[in-house]
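Engineer: Output the structure for:
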Amino acid sequence: MLNELKEVICEYVEVEPENITEDSRFVEDLGFNSYDFMSMVGELEDRYDIEVDERSVIQVKTVGDAITYIKSLQNA
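Structural biologist: Model prediction:
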């Protein structure tokens, strides 16, 4: 899932995939703004057939957080 997420991230911000790790923070390290982040969330909803709770997604700070969150929604 990390590699798939890297592909999506690179569609929204200018960063090399090899520079993205599970510890990368969306805002501080990858340069996301809130609009880009929410746009990416919409794409992830479509890609993984999940429904993200906007109140919960604000807790997602790192790529690893996103992976954990997506997996939790897939298993719900």
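Engineer: going forward, measure contacts and count neighbours with C-alpha atoms only.
Structural biologist: Will do.
Engineer: Report the helix or strand with the lowest average pLDDT across this structure.
Structural biologist: For the chain, the helix or strand with the lowest mean confidence is helix 54-57, at a mean of 90 (criterion: mean pLDDT, DSSP states H and E).
Engineer: Near Phe32, how many residues? Count them for me, please.
Structural biologist: Neighbour count for Phe32, taken as other Cα atoms under 10 Å: 18.
Engineer: Ignore what I typed, I meant Val57.
Structural biologist: 15.
Engineer: how about it, what does it touch?
Structural biologist: Neighbour list for Val57: empty [criterion: Cα atoms under 8 Å, 6 or more residues apart in numbering].
Engineer: what about it, distance to Leu73?
Structural biologist: 11 Å (Cα to Cα, to the nearest Å).
Engineer: Helix, strand or coil: sort out the residue nearest the centre of the chain for me.
Structural biologist: Central residue of the chain (Cα atoms, centre = their mean): Ala66, 4.9 Å from the mean position. When classified by DSSP: H, G, I helix; E, B strand; the rest coil, Ala66 comes out as helix.
Engineer: Could you list the residues in contact with whichever strand or helix holds Val8?
Structural biologist: Counting by DSSP states H and E, the element that carries Val8 is helix 2-12. Outside helix 2-12, the residues that touch it by Cα under 8 Å, 6+ apart are Glu16, Pro17, Ile20, Glu22, Phe32, Asp36, Met40, Val63, Ile67.
Engineer: buried set for that helix?
Structural biologist: Under the neighbour-count criterion of 16 or more other Cα atoms under 10 Å, helix 2-12 has Leu5, Lys6, Val8, Ile9, Tyr12 buried.
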